[in-house]
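Undergrad: show me the folded form of this:
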Amino acid sequence: MLFYFSATGNSRALATTIAQHLNDKAVDIVPLLHADESPSLTLGPTEKLGFVFPIYGWSLPDIVRTFLESLRIEGYNRQYVYFAVTCGDDVGVADRPIRKTFEQAGLHLDAGYSVTMPDSYVCLPGFDVDKPEERDRKLAQFRPRVREIAEQVERRAVVMDIHRGRFPWLKTNVLGWFFRKYLITDKPFRTTSDCISCGLCAKVCPMHNIELAPACGESSRSSRGSRVQEIMFNAQCSTAKQSRELAFAVGEAGANLAGKFESAAAMFNVTWLGHCTGCLACYHHCPTRAIRFGRRTEKKGQYLYKNRL
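TA: Next up, the predicted model:
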């Protein structure tokens with residue numbers, strides 16, 4: 001079994017590709033975390049157990065920590081356990097807090113691997129998505145690296161095959177501490193007038209941390225997965241799509257008219273609810289680039305792995 005968490009697609013691609021090589025099953029942890037019952041697993045006597053996730057602030061994301069704390073495993077008897085992480089550059093000494101979290105969950109960690117993938121962090125000055133040539137260079141080494149990892153997992157190698165980078169202790173324990181304490185927050189998030197109320201940000205948020213409330217009239221909360229919200233989401237996306245098609249068809253005059261359509265579609269206020277995990281899924285999925293993290297993300301790029309296949 002292989003569990004994964006992914007916000008922009010890098011870790012999902014890594015998990016599914018490893019699973020293909022190993023003839024294993026990759027399972028998204030997000031639906032499990034929001035299920036009525038705690039996630040559980042019955043592990044076979046020779047089964048391998050893997051976890052794939054991105055590195056945030058040279059450590060593991062809080063959502064992964066929460067999942068490991070809540071996971072109930074039957075039949076565990078020191079079977080082979082490994083992690084594979086994605087990172088924009090390096091991981092510091094992230095294996096130390098990862099190992100500690102695994103131990104607290106009652107799991108002995110045998111191996112760890114890292115894969116450098118296109119960068120998606122944009123919330124600090126000097127940080128942006130990779131330029132196309134750098135993005136393509138990283139993606140070119142993806143499949144050879146995954147084959148290498150799969151071969152090591154298949155033979156149950158006991159290894160810490162990660163790229164720590166320069167000053168790894170400083171990155172995880174000082175810079176990473178500051179990042180996790182002060183920058184894993186949704187307080188700076190806002191939307192601009194480009195928001196078309198499509199609801200995609202709420203749909204992709206792994207924490208159910210985004211609410212769309214009516215911009216006028218009495219506010220009402222609806223569950224993220226409700227039929228009402230699904231209908232609203234499909235209708236708003238359809239309106240936006242028709243607007244863009246109209247603009248393309250009739251030029252500048254059409255663009256002005258399309259803008260009126262999209263303004264009419266913006267019937268909801270987007271609100272972050274205070275339990276963000278810092279994944280930036282909302283930012284990178286926004287079709288009109290209307291989501292901002294204060295002023296820090298103005299003129300920054302977006303990245304989704306699925307757009308690079």
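
Undergrad: distance of R164 relative to I18?
TA: From R164 across to I18, the span is 21 Å (C-beta to C-beta, to the nearest Å). Yep, even glycine has a C-beta here, placed from its N, CA and C like the rest.

Undergrad: right, I mislabeled it, should have said W58
TA: W58 is 22 Å from I18, by C-beta to C-beta.

Undergrad: what does A290 give?
TA: 35 Å.

Undergrad: can you check A84 too?
TA: 6 Å.

Undergrad: give me the common contacts of the two.
TA: Counting by C-beta atoms under 8 Å, 6 or more residues apart in numbering, the common neighbours of A84 and I18 are 50, 52, 149.

Undergrad: can you give me every residue that contacts S70?
TA: Contacts for S70 (C-beta under 8 Å, 6+ apart) come out as 33, 38-39.

Undergrad: could you turn the buried ones of the residues you listed into a ChimeraX selection?
TA: A single ChimeraX command selects the buried members of those (16 or more other C-beta atoms under 10 Å):
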select :33,39
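
Undergrad: can you pull out the helices in this protein?
TA: 10-22, 29-33, 62-70, 95-104, 132-140, 142-154, 168-170, 176-182, 200-204, 227-265, 281-285 (DSSP state H).

Undergrad: between those helices, which gets the lowest average pLDDT?
TA: Least confident of the helices of the chain, judged by mean pLDDT, is helix 227-265 with a mean of 48.

Undergrad: in stretch 110-124, which residues are buried?
TA: Burial within stretch 110-124, assessed by neighbour count using 16+ other C-beta under 10 Å, is assigned to 110-123.

Undergrad: so for L32, what's the nearest residue that isn't a sequence neighbour?
TA: P39 (4.0 Å; C-beta to C-beta, 6 or more residues apart in numbering).

Undergrad: ok, now V158?
TA: Leaving aside its sequence neighbours, V158 sits nearest to D110 (C-beta to C-beta, 6+ apart; 5.2 Å).

Undergrad: show me what contacts the one you found?
TA: 80-82, 156, 158.

Undergrad: mind running it again at 6 Å?
TA: D110 is in contact with 80-82, 158, counting by C-beta atoms under 6 Å, 6 or more residues apart in numbering.

Undergrad: cool, and P97?
TA: Shown in contact with P97 (C-beta under 6 Å, 6+ apart): S59.

Undergrad: pop out the phi and psi values for the nearest residue to I98 once chain neighbours are set aside.
TA: Of all residues beyond its chain neighbours, the one nearest I98 is L60 (5.2 Å), with distances taken as C-beta to C-beta, 6+ apart. Main-chain dihedrals, L60, degrees, to the nearest 10: phi -90, psi 150.

Undergrad: what about L60, neighbour count?
TA: L60 has 25 neighbours, counted by other C-beta atoms under 10 Å.

Undergrad: circling back to that earlier point, so W58 and I18 - more neighbours on which side?
TA: Shown here are W58 and I18; by other C-beta under 10 Å, W58 has more neighbours (27 against 24).

Undergrad: which pLDDT value goes with the more buried one?
TA: Model confidence at W58, given as pLDDT, is 96.

Undergrad: how about the nearest residue to it, chain neighbours excluded?
TA: G92 (3.5 Å).

Undergrad: and the pLDDT at that neighbour?
TA: Note on G92: pLDDT of 97.

Undergrad: that one: how many residues sit nearby?
TA: Number of residues near G92 (other C-beta under 10 Å) recorded here: 28.

Undergrad: quick one on the thing from earlier: in strands only, show me the buried residues of stretch 110-124.
TA: 111-116 (DSSP state E).

Undergrad: show me the contacts for D28.
TA: D28 sits next to no residue when contact means C-beta under 6 Å, 6+ apart.

Undergrad: how close does it sit to E133?
TA: From D28 to E133 the distance is 31 Å (C-beta to C-beta).

Undergrad: circling back: which of the ones in strands among the buried residues of stretch 110-124 sits closest to L68?
TA: Nearest to L68 among these, counting by C-beta to C-beta, is G112 at 14.2 Å.

Undergrad: just checking, that closest one touches V158?
TA: No - counting by C-beta atoms under 6 Å, G112 sits too far from V158 to count as a contact (10.3 Å).
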